[in-house]
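Enquirer: Need a 3D model of the sequence below.
(one chain, ligands or ions: 1)
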Amino acid sequence: MGLRLHVDGDCVRGNVTFDDRHEGAPGIVHGGAIATVLDDTLGLLLVVLGTPAVTANLSVDYRAPALLQTEMIVERWLEQRVDRKLHLRADLSIDGQPVAQARALFLAVEVAHFEKGGRTLLPNWADWGPSL
Ligand SMILES: CCCCC/C=C\C/C=C\C/C=C\C/C=C\CCCC(=O)SCCNC(=O)CCNC(=O)[C@H](O)C(C)(C)COP(=O)(O)OP(=O)(O)OC[C@H]1O[C@@H](n2cnc3c(N)ncnc32)[C@H](O)[C@@H]1OP(=O)(O)O
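Expert: Predicted structure coming up:
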């Protein structure tokens with residue numbers, strides 16, 4: 001998806017341009033692809049926050065057609081944290097106009113949560129604590 005991200009303080013920003021592989025309705029990005037970008041890139045925010053966590057709930061408001069081959073801005077930030085519950089926001093926009101807005105509840109987990117998938121985790125993940 002050509003997603004490029006950078007950290008800006010405690011916010012994560014990036015650019016994404018969807019192409020024909022992500023088409024849903026003719027000429028328009030599939031809503032599932034938008035949800036994937038909004039959810040998956042919240043993962044980088046977790047690294048910024050230093051908290052391993054997983055999506056428990058994701059809600060997306062689709063505000064305007066997301067056109068293919070059009071550069072969009074993604075922004076994500078932490079709205080509120082209560083114990084293990086991380087209330088995160090992610091917005092997708094074109095030229096300052098909202099295209100999609102997500103609210104997500106992530107739950108902080110121990111790194112052991114990711115060992116359930118059977119993959120070998122990178123060594124530095126062992127130092128990555130839930131910082132509860
Ligand atoms: C320094 C080194 C850094 C190295 C790292 C480097 C790179 C890392 C790169 C990227 C980052 C990598 C990973 C990031 C991870 C993910 C990013 C992508 C996001 C995903 O793609 S991730 C996959 C989809 N996701 C799942 O696979 C989750 C499946 N699920 C579960 O694994 C469990 O379900 C779990 C753990 C969520 C909860 O289970 P649990 O047993 O721990 O907690 P429990 O159920 O007791 O709930 C506790 C309190 O949360 C409330 N609660 C629970 N669920 C709720 C809901 N849905 N809505 C509203 N409230 C909810 C309860 O009501 C209770 O609330 P209360 O305490 O008030 O009663």
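Enquirer: Would you mind measuring from Leu68 to the ligand?
Expert: 24 Å (C-beta to the nearest ligand atom, to the nearest Å). C-betas here are computed from N, CA, C, even on glycine.
Enquirer: Val16 is in contact with that residue, correct?
Expert: No - contact between Leu68 and Val16 fails when scored by C-beta atoms under 8 Å: they sit 11.6 Å apart.
Enquirer: Between those two, tell me which one has more neighbours.
Expert: Neighbours were counted for Leu68 and for Val16 using other C-beta atoms under 10 Å; Val16 has more, 23 against 18.
Enquirer: dump the residue contacts of the more buried one.
Expert: By C-beta atoms under 8 Å, 6 or more residues apart in numbering, Val16 lies in contact with 1-4, 37, 71-72, 74, 92.
Enquirer: Just give me the closest of those residues to the ligand.
Expert: When the contacts of Val16 are ranked by distance to the ligand (C-beta to the nearest ligand atom), Val37 comes first, at 11.0 Å.
Enquirer: OK, contacts around Cys44?
Expert: One thing to correct before we go on: residue 44 is Leu, not Cys. In this structure, Leu44 makes contact with 5, 7, 12, 76, judged by C-beta under 8 Å, 6+ apart.
Enquirer: what's the next secondary structure element after the helix or strand containing Val12?
Expert: Here Val12 is covered by strand 11-17, with elements defined by DSSP states H and E. Sequence-wise, the next helix or strand downstream of strand 11-17 (DSSP H and E) is helix 31-49.
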